[in-house]
Each structure stands twice: as C-alpha cells, then as structure tokens.
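[1] what's the 3D shape of this:
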Amino acid sequence: MPNSQISIYTQKEQGEQWLRRYRGCLPVFACVLGFTETGLIPGISAAGRTPEDRKYTACADAEFLYYGPEHKAQYPLPPLAAGASPVLISRAVFESLKIPVHLFNAGLPQPPAVPVIDLGSAPAKCLSGGAAMEITTVHHLFEQGLLWGERLAANIQQEYLIVGECVVGGTTTALAILTGLGIDAAGKVNSSHPVCNHAQKWALVQAGLEKMRESRVQGRQGVQGEINFQSQIQNPKSKIQNSVDPLQLVAAVGDPMQAVVAGMAIAASRSCGVMLAGGTQMLAVYALMSAIAQAYALSWQPEAVVVGTTRWVAEDPTGATVDLALNLGKNSLTPSGGTPPLLATHLSFADSRYPQLRAYEQGFVKEGMGAGAACIAAHLSQDWQQHQLLTAIEAQLERLSTASH
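    Next up, the predicted model:
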C-alpha cells in the first residue's frame, strides 16, 4: 500500500498504482530554469525580497542544488521576507540518495554558474503585454523539450523522471495559461506569499489575455499584430479547430519553462513514469500537455504522469489546488489528460529548530526546485520518514549557516 508519508488528493486509484509501480526506484531529476519579467513586478512574488534579488533566484537555486552549502556561490541564495529556499529540501534528498540532476537553462537573464544544458532561449516579457515570447521561440523550446524528454527517458529503464522548475512569477503565468485554456483557475492558484495575491495576478492575466485577443482580431484582419494568430490550429487531426493554438497561448502570456516541460513530459511519458514537480505551475503544464497533444495529434501516456508537491501547496488555505486539479478534467480542450493524480509529501517543519523552516508552516515559500517531489522520491525509494527528512534538511541549513560565517 502507498506509504503513509504521501497523500493522494485526486485520482486516488491511478495515484496508488503509480506509487506501487515506482516503489523502490530511484528517479532522475531534470530541472528547467526560466524567467519572466512578470517576476519583477513589485509584490508579485516572495521568491527574493526585491525585484533585483529575483533576477538571480533561479541561478542561486541551481548553484545550491548542484554544489551544496559549502561551495562559494557566485549567486548566493537571495534573502527572503521569511523562510528558506525550498532548494534546501531538494538538495538534502538528492545528495543523500545520489539522484542524478540535469539542469536546463530555458531563458535566464544571465547564465548560471553551474553546468547547464542551454536551450538557446531568452527570458519572457511580462505577460500583461500579451506578447511574452516570439512564437518561433516557443516552437523551438517545445521541440527541445520533446528531444530531451526522449533522451532522458532512453536512459531510464524501470525508473521515472521528475521534472522540476524554477521560474519566479511562474504561478502568475500558470494562471494565464489555465485561464487561456478555458479552465476555471481564478482564486485557485498558489503563491510564495502566506496569503495569495489573487487580485494582483488576475489583473495582470486579464490585461495579457485582452491584448492577446486584440492582436488575434488584428491578425484575422490581415493587420500584423505583435503575435500573428492566423496560425490557428489547422491540423486536420485536431478536434479543436479554430480555437487558440496552445503554443500561441504560451507565446502570448506564458514563460519559457512551460513549453520545455510540456514537451519533455509528453515525450518521456511514452516510455517511463513522469512526476511533474510542483503545484499550480505543473497543473498548468499538465493542462498544456493535454491541449498540445490534442491540437497536434501527438501520442502521450497520461496515466504515466502524476503531479507531486508539498502539503503546503496541496492544502494552502489561500489557494484551491485540489479544486484546480479537478477542474482540469472538466475542460473540452484537455480531455486526453483529464485530472492528473495530485500527490503530496507529508513533510512538516512544525518541530524544526530553525525559524526559517518553521515559516513554511505559516504559509511562506511552500514549494520550488522539485522540493515536494524530492521528498516523495525519498519515501518511495528508501522509505524515509518525517524524522529522516527533517534531519537531512536541517543539516543542509546548518552547513549553509556555518559556511557563510
């Protein structure tokens, strides 16, 4: 039976089957780093105290994940209003279990100081302009995702692939993608704040989608809008003729990570298990995978894919993650995927001796860099319990504070 350390909130039977299938297996971890200028808006995110700090969050997290606390970082972990970076959680597990890590740069403002696979892209503009990326960039990123998903899966025999992300401001681009796909997501997404800034996110999303609609109308009239929406879905096999091309939607209001992870997970699902590591952002990616697979008649295995997160996300009182996951199954654009199994680790910091970790119990930070999925992997492969996780994570924090003094 599934481990008492993991909760399954949706698709219980499918989730239990998935957990049984991969019990005792060690995963491979791929983390896609991206950037959207949406993350620079004051107050949008708590992943870095100031907009300037947030430019370097992904680089800092990648460096810590790769090298650990003793390494003299070119990009040190940014100060947060409260809490500690979730990368401490991921690093504690991956270091202890020797899980292979592959880092991908899907478009950062500066190159990270770690070995990364550079996907040859640039940061996205703020989604409120309705022209976040060029469509050619999005196609390139999606194709790179398909390619790397296939490559990574080729080396995974009976195991599974965890795909994580680091995109500051990414829950806002996630809300934009979900809404653009017709999924009821307003007021349901999470954030790194203790109380989610729903109104701020929604205003940006509405502005971006409105601009996208305007340029779509212009495109139809033959006027070159910033995005040419004449390339509506003309795939003869598609069941959703004349609706928004999901890759065009990413170009309008998304971020670079989304196209890469969607491609990677679609390709990997054909031959191994996939855990999308995160909450709101990965539910948006899952919806995108389903819409893309349908629009472009691509084969994938929805039953191979689960979403894995922390209970701070799954049970966030200021979001509605479970409702959001269920809403994915109610949409005509995403029928092939429906609702994915949503899993979460029971990890608790209530008894931690560090206030930075106890802050998670007050709603700060919650998730990132595959933290929840890393804990699920530790339960699955080594049957780690709460005390083992807490000890390993606190040891990372202790080493970090010793190293920085």
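[2] now the strands for the stretch 101-250 of the chain?
    Secondary structure of the stretch 101-250 of the chain (DSSP state E, counting those that start in this stretch): strands at 101-105, 117-118, 160-166.
[3] next up, identify which helix or strand Glu52 is on.
    According to DSSP states H and E, Glu52 maps onto helix 51-54.
[4] then that helix to PDB, C-alphas only?
    C-alpha atoms of helix 51-54 as PDB (Å, rounded to 0.1, in the frame of the first residue of the first chain):
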ATOM      1  CA  PRO A  51      12.800  42.700  -7.900                       C
ATOM      2  CA  GLU A  52      16.600  42.800  -8.200                       C
ATOM      3  CA  ASP A  53      17.100  39.800  -6.000                       C
ATOM      4  CA  ARG A  54      14.500  37.900  -8.000                       C
END
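[5] so which bits of it are buried?
    Applying a neighbour-count criterion of 16 or more other Cβ atoms under 10 Å, one finds 51, 53-54 buried in helix 51-54. From N, CA and C alone the C-beta is placed, and that goes for glycine too.
[6] re the thing from before, what's the closest of the strands of the stretch 101-250 of the chain to Ala252?
    Checking these against Ala252 by Cβ to Cβ gives strand 160-166 as the closest, at 19.6 Å.
[7] helices and strands around that closest one, which ones?
    strand 28-33, helix 57-67, helix 135-154, helix 256-269, strand 273-277, helix 371-382 (3 or more Cβ pairs under 8 Å, 6 or more residues apart in numbering; DSSP states H and E).
[8] give me the mean pLDDT for it.
    Averaged over strand 160-166, pLDDT sits at 98.
[9] tell me what angle it forms with strand 273-277.
    20 degrees (axes from the mean of the first three to the mean of the last three Cα atoms, to 10 degrees).
[10] tell me the contacts of the nearest residue to His193 once chain neighbours are set aside?
    Among residues not flanking His193 along the chain, Ala46 sits closest, at 5.1 Å (Cβ to Cβ, 6 or more residues apart in numbering). Contacts for Ala46 (Cβ atoms under 8 Å, 6 or more residues apart in numbering) come out as 80-83, 191-193, 364-365.
[11] one more time with 10 Å
    Contact analysis of Ala46 by Cβ atoms under 10 Å, 6 or more residues apart in numbering lists 54, 80-83, 168, 191-194, 197, 363-366.
[12] what of Leu380?
    2-3, 5-6, 18-27, 160, 275, 308 are the contacts of Leu380 under Cβ under 10 Å, 6+ apart.
[13] Ser85 too?
    Ser85 sits next to 47-48, 57, 60-61, 64-65, 77-78, 91, 166, 356, 365, 368-369, 371, 397, 400 when contact means Cβ under 10 Å, 6+ apart.
[14] one more: Glu361?
    83, 312, 348-352.
[15] so where's the protein shaky on pLDDT?
    Applying pLDDT under 70 to the chain flags residues 1-3, 220-242, 332-337.
[16] quick check: longest helix of it.
    In the chain, taking DSSP state H as the definition, the longest helix is helix 198-220.
[17] thinking again about what came up before, right, and the secondary structure at the residue nearest to His193 would be what?
    coil (DSSP: H, G, I helix; E, B strand; the rest coil).
[18] need the winner for burial among the strands of the stretch 101-250 of the chain.
    Compared across those, strand 160-166 shows the largest average neighbour count, a mean of 29 (mean count of other Cβ atoms under 10 Å).
[19] ok now that strand, how far from the chain's centre?
    The chain centre lies 8 Å from the centre of strand 160-166; the measure is Cα atoms, centre = their mean, to the nearest Å.
[20] with stretch 75-91 instead?
    17 Å.
[21] before we move on, what about stretch 290-297?
    The answer for stretch 290-297 is 19 Å, by Cα atoms, centre = their mean.
[22] can you check stretch 183-203 too?
    That offset, for stretch 183-203, works out to 16 Å (Cα atoms, centre = their mean).
[23] distance to Val205 for the helices and strands packed on strand 160-166 - can I get that in a markdown table?
    Output for the helices and strands packed on strand 160-166, formatted as a markdown table (distance: least, Cβ to Cβ, whole Å):
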| stretch | distance to Val205 |
| --- | --- |
| strand 28-33 | 22 |
| helix 57-67 | 21 |
| helix 135-154 | 18 |
| helix 256-269 | 14 |
| strand 273-277 | 21 |
| helix 371-382 | 25 |
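[24] wait, which of the ones you listed is closest to Leu175?
    Per Cβ to Cβ, nearest to Leu175 of the helices and strands packed on strand 160-166: helix 256-269, 12.0 Å.
[25] can you give me the angle the closest one makes with strand 273-277?
    With the same axes, to 10 degrees applied, the angle from helix 256-269 to strand 273-277 works out at 160 degrees.
[26] C-alpha coordinates for helix 256-269, CSV please?
    Extracted as CSV, the C-alpha positions of helix 256-269 are listed here (Å, rounded to 0.1, in the frame of the first residue of the first chain):
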residue,chain,number,x,y,z
PRO,A,256,9.9,29.6,-21.3
MET,A,257,9.7,26.7,-18.8
GLN,A,258,6.2,25.8,-19.7
ALA,A,259,6.9,24.8,-23.3
VAL,A,260,10.0,22.9,-22.4
VAL,A,261,8.5,20.9,-19.6
ALA,A,262,5.3,20.1,-21.6
GLY,A,263,7.5,18.7,-24.4
MET,A,264,9.8,16.8,-22.1
ALA,A,265,6.9,15.2,-20.2
ILE,A,266,4.9,14.3,-23.3
ALA,A,267,8.0,12.5,-24.8
ALA,A,268,9.1,10.8,-21.5
SER,A,269,5.6,9.6,-20.7
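[27] quick check: Lys330 touching Leu181?
    No: judged on Cβ atoms under 10 Å, Lys330 makes no contact with Leu181 at a distance of 11.6 Å.
[28] hmm, back to that, so which of the contacts of Glu361 are in helices?
    Trp312.
[29] which of the contacts of Glu361 ranks first by neighbour count?
    Ranked by neighbour count (other Cβ atoms under 10 Å), the contacts of Glu361 have Trp312 at the top, with 26 neighbours.
[30] thinking again about what came up before, nearest to Ser243, of the helices and strands packed on strand 160-166?
    helix 135-154 (16.1 Å).
[31] that closest one vs strand 273-277, what angle?
    Computed by the same axes, to 10 degrees, the angle between helix 135-154 and strand 273-277 is 130 degrees.
[32] would you indicate which residues of helix 135-154 are buried?
    135, 137-138, 140-142, 144-146, 148-150, 152-153.
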